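Enquirer: sequence first, then the predicted structure, then my questions.
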Amino acid sequence: MTKKIFRSICLVALLVFGSSIALVMGVLYDYFSDVQLHQLKIQTNLVSQSVAHEGIRYFDGLDPEPYRITWIRPDGTILYDSRSDTASMENHLERTEIRQALTEGYGESDRYSATLMERSFYCARRLDDGSVLRLSTTHGTIFVLLLGMSQPIFLVFAIAVGLSVILAARISGNIVKPLNQLDLDHPLETNHYEELSPLLLRISSQQNQLRLKEVQIGQKQEELHAVISNMKEGMILLSKDKKIISINRAAVQLFDASQTEPSGLHMHLSEKNCIGKQLSDISGSQTLLHLTDRALHGYPQEQTISLQNSRYQITASPIASDSETAVFGAALFFFDVTEKENAEQMRREFTANVSHELKTPLHAISGYAELILNNMVKKEDLCSFASKIYTEAQRMARLVEDIINLSHLDEGTADMQFEPQDLMAAAAAAVQSLSEEAADMDVTVTLSGEAVMIDGIGQLLFGIIFNLCDNAIKYNKKGGSVQIEIHADQSHASLSIHDTGIGIPPEHQAHIFERFYRVDKSRSRQSGGTGLGLSIVKHAANIHHANITLQSIPDKGTTITVIFPRS
């Protein structure tokens with residue numbers, strides 16, 4: 001813009017200078033022409049008077065330069081000419097100034113010679129005898145005048161050009177300076193041209209809108225970053241050349257354990273130092289790299305692979321714009337399906353175990369019933385067979401009831417309410433329910449401690465105490481004992497059940513809370529156990545955020561302690 005203003009000012013200055021020179025020269029040329037014509041007229045009058053008094057003698061020894069004097073008879077022939085031979089001169093009667101002088105007494109004219117680049121002025125005066133005296137003079141045309149003054153004009157032109165350049169540079173700089181000093185972030189706070197006010201108001205309004213949009217975009221980016229960073233699932237965005245554009249915390253943690261420096265030391269990854277790296281720099285899984293290659297070629301992929309001792313379902317999706325089919329990146333999502341697959345495996349095992357556990361009493365009931373139906377049982381044995389059928393049916397009923405309870409716990413406790421519960425009262429109710437079983441097993445059950453109130457679900461608390469005491473009685477010895485103790489402090493309440501039973505071998509202690517797990521399968525079936533009691537206890541304890549500890553010595557006894565939070 002400065003250059004354009006500079007050129008415009010220089011051009012205008014030069015045009016004004018040229019126009020001024022032309023105008024001045026034209027005015028001066030006309031002025032000097034008028035002056036010269038006026039002087040010529042005066043000289044003509046003077047010479048006319050002298051010739052009228054002295055006649056031809058007036059011209060003797062006269063040097064009329066720069067004028068030319070011509071004396072013409074009334075018929076147009078030449079009497080005298082100061083520059084030419086009269087005999088060779090043509091008749092002047094048709095000349096404009098001569099005709100005018102003959103008729104009016106005075107005449108004047110001017111003629112231009114393109115060949116000589118001269119302009120001639122003529123003044124004629126009629127004398128008393130009828131003859132005409134004419135004086136003439138010449139001077140150059142305006143072009144000759146300009147040519148003669150070319151040197152001073154060039155000097156003035158050079159000075160004018162220099163001044164124009166200097167002034168144009170300063171003026172253009174001063175014009176543009178306020179524009180260059182505009183603060184576009186705060187356009188209304190600086191001095192500016194009044195003509196720029198509408199534009200600056202528009203810029204200020206747009207700046208405010210841009211700031212608002214920037215704040216909104218920043219907030220959305222922070223929200224998106226917070227959501228992505230705190231996603232449980234891993235996410236990686238890759239460019240076309242497999243460079244990492246974005247990665248969240250879960251994905252970093254997933255690949256962090258495999259990073260080692262050349263020296264063998266572990267190098268921790270972070271979200272920042274992963275950006276710009278190749279995917280192969282943080283993961284050596286060929287399956288993952290193959291899925292990425294396929295996605296970058298436009299083919300969505302999904303596969304479950306093992307990473308860091310866990311199972312992950314990887315979804316690799318190509319990224320392309322709506323208007324284009326070309327893929328310019330890929331998005332990788334990592335879903336931890338370890339628990340899902342374990343749960344699925346547990347469901348399959350649970351289904352198989354349920355089928356197996358139900359088959360045993362059903363086969364027994366079916367077999368006994370078939371013998372009775374075919375009259376293959378003596379009358380005195382009918383009561384024994386009926387007792388066996390009843391026992392197996394009761395065992396199957398308990399198994400079905402435990403399965404229903406366990407399934408209910410798996411589905412959650414949305415239909416159950418936490419209420420203040422007296423742990424001592426729940427334990428007393430469980431002991432009362434198991435009194436006959438304890439008497440049959442010749443096992444003494446004692447309850448001690450203090451009344452403790454906790455927030456819980458009464459049905460589940462009763463189930464925890466009942467199942468633990470039931471196992472303590474079933475797997476006890478004749479004449480053994482079961483001690484139930486309840487204590488509390490400011491933050492926790494503890495339920496401890498100690499028996500003098502057969503105990504649990506160390507290799508089995510980590511598995512006793514698994515479904516259908518039995519340490520001694522034959523004794524468990526003889527005692528009527530379903531193999532689900534401790535699983536129900538574990539689930540109910542988890543719902544109450546309680547911890548279970550186990551201490552057991554084979555042939556000496558087992559102590560199981562459940563610690564409940566009081567709030």
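Expert: Looks like it arrived, so ask away. Numbers count the residues shown, from 1 in each chain.
Enquirer: which stretches of the stretch 201-350 of the chain have low pLDDT?
Expert: 256-271, 321-325, 343, 346, 349-350 (pLDDT under 70).
Enquirer: that one: helices as residue ranges?
Expert: If DSSP state H, counting those that start in this stretch is used as the criterion, the helices of the stretch 201-350 of the chain fall at 249-256, 271-274, 279-282, 286-296, 338-373.
Enquirer: now these as TSV including mean neighbour count?
Expert: Every C-beta, even on glycine, is put in place using the N, C-alpha and C of the backbone. Putting the helices of the stretch 201-350 of the chain into TSV (neighbours: other C-beta atoms under 10 Å) gives the following:
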stretch	mean neighbour count
helix 249-256	19
helix 271-274	15
helix 279-282	17
helix 286-296	17
helix 338-373	13
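Enquirer: which of those helices sits closest to Ile236?
Expert: With C-beta to C-beta as the measure, helix 249-256 is the member of those nearest Ile236 (5.2 Å).
Enquirer: ok, residues contacting that closest one?
Expert: Residues from elsewhere that reach helix 249-256 (C-beta atoms under 8 Å, 6 or more residues apart in numbering): 229-236, 268-271, 274, 282-283, 307-308, 312, 332, 334.
Enquirer: now the angle from it to helix 286-296?
Expert: 140 degrees (axes from the mean of the first three to the mean of the last three C-alpha atoms, to 10 degrees).
Enquirer: export only the CA atoms of helix 249-256, formatted as CSV.
Expert: Extracted in CSV, the C-alpha atoms of helix 249-256 (Å, rounded to 0.1, in the frame of the first residue of the first chain):
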residue,chain,number,x,y,z
ARG,A,249,-4.2,-42.1,29.2
ALA,A,250,-5.7,-45.6,29.1
ALA,A,251,-3.8,-46.4,25.9
VAL,A,252,-0.6,-45.0,27.3
GLN,A,253,-0.9,-47.2,30.4
LEU,A,254,-1.7,-50.2,28.2
PHE,A,255,1.6,-49.8,26.2
ASP,A,256,3.8,-48.3,29.0
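Enquirer: please state the offset of that helix from the chain centre?
Expert: Chain-centre distance of helix 249-256: 23 Å, with C-alpha atoms, centre = their mean, to the nearest Å.
Enquirer: can you check stretch 458-474 too?
Expert: For stretch 458-474, the distance to the chain centre is 59 Å (C-alpha atoms, centre = their mean).
Enquirer: in the stretch 451-567 of the chain, which spans are helices?
Expert: With DSSP H, counting those that start in this stretch, the ranges of helices along the stretch 451-567 of the chain come out as 458-474, 521-526, 533-543.
Enquirer: for the longest one, name the packing helices and strands.
Expert: Helices and strands touching helix 458-474, by 3 or more C-beta pairs under 8 Å, 6 or more residues apart in numbering; DSSP states H and E, are strand 419-422, helix 423-433, helix 435-440, strand 481-488, strand 492-499, helix 533-543, strand 557-565.
Enquirer: what comes up buried for the last one?
Expert: Translated: strand 557-565. Going by neighbour count (16 or more other C-beta atoms under 10 Å), the buried part of strand 557-565 is 557-564.
Enquirer: for the residues you listed, give me CSV that also has distance to Asp34 and pLDDT.
Expert: Below are the buried residues of strand 557-565 laid out as CSV (distance: C-beta to C-beta, whole Å; pLDDT from 0 to 100):
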residue, distance to Asp34, pLDDT
Gly557, 147, 90
Thr558, 143, 91
Thr559, 141, 92
Ile560, 138, 92
Thr561, 135, 93
Val562, 133, 92
Ile563, 130, 92
Phe564, 129, 92
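Enquirer: just curious, which of those is nearest to Ile464?
Expert: The nearest member of the buried residues of strand 557-565 to Ile464, counting by C-beta to C-beta, is Val562 at 6.4 Å.
Enquirer: isn't the closest one up against Leu495?
Expert: Yes: Val562 is in contact with Leu495 according to C-beta atoms under 8 Å; the separation is 4.6 Å.
Enquirer: for the stretch 401-550 of the chain, give me the ranges with low pLDDT.
Expert: For the stretch 401-550 of the chain, the stretches with pLDDT under 70 are 402-403, 405-415, 515-531.
Enquirer: Asp129 and Val51, how far apart?
Expert: In this view, Asp129 and Val51 are 10 Å apart by C-beta to C-beta, to the nearest Å.
Enquirer: neighbour count: these two, which is higher?
Expert: Val51 (22 against 10; other C-beta atoms under 10 Å).
Enquirer: nearest residue to the more buried one in space, please, no chain neighbours.
Expert: Nearest residue to Val51, sequence neighbours excluded (C-beta to C-beta, 6 or more residues apart in numbering): Tyr58, at 5.2 Å.
Enquirer: what do you get for Leu307?
Expert: Using C-beta to C-beta, 6+ apart and skipping the chain neighbours, the partner closest in space to Leu307 is Leu254 (6.2 Å).
Enquirer: what ranges do the strands span in the stretch 151-300 of the chain?
Expert: Residue ranges of the strands in the stretch 151-300 of the chain, as given by DSSP state E, counting those that start in this stretch, are 234-239, 244-247.
Enquirer: and the last one, how far out from the chain's middle?
Expert: In this case it means strand 244-247. Relative to where its chain is centred, strand 244-247 has its mean C-alpha point 13 Å off (C-alpha atoms, centre = their mean).
Enquirer: try stretch 386-397
Expert: Mean-position distance between stretch 386-397 and its chain equals 70 Å (C-alpha atoms, centre = their mean).
Enquirer: list the buried residues for that stretch?
Expert: 389, 392, 395-396.
Enquirer: which ones among these map onto helices?
Expert: Counting by DSSP state H, the buried residues of stretch 386-397 place 389, 392, 395-396 in helices.
Enquirer: ok, so of those residues, who is nearest Gln100?
Expert: Met396 (156.0 Å).
Enquirer: got a pLDDT number for the closest one?
Expert: With respect to pLDDT, Met396 scores 75.
Enquirer: with adjacent residues omitted, what lies nearest to it?
Expert: Pro361 (4.2 Å).
Enquirer: what residues does that neighbour make contact with?
Expert: Neighbouring residues of Pro361 by C-beta under 8 Å, 6+ apart: 392-393, 395-396, 399.
Enquirer: of all these, which comes closest to Ser205?
Expert: Nearest to Ser205 among the contacts of Pro361, counting by C-beta to C-beta, is Leu399 at 77.2 Å.
Enquirer: those helices in the stretch 51-200 of the chain, which residues are they?
Expert: 96-104, 142-148, 150-180, 197-229.
Enquirer: tell me who's in contact with Thr292.
Expert: Neighbouring residues of Thr292 by C-beta under 8 Å, 6+ apart: 238, 242, 279, 316, 330, 332.
Enquirer: next: Lys277.
Expert: By C-beta under 8 Å, 6+ apart, the contact list for Lys277 reads 243-244.
Enquirer: now it: how far from Ala331?
Expert: Distance from Lys277 to Ala331, by C-beta to C-beta: 17 Å.
Enquirer: ok, how many other residues are close to Thr86?
Expert: The number of residues packed near Thr86 is 13, by other C-beta under 10 Å.
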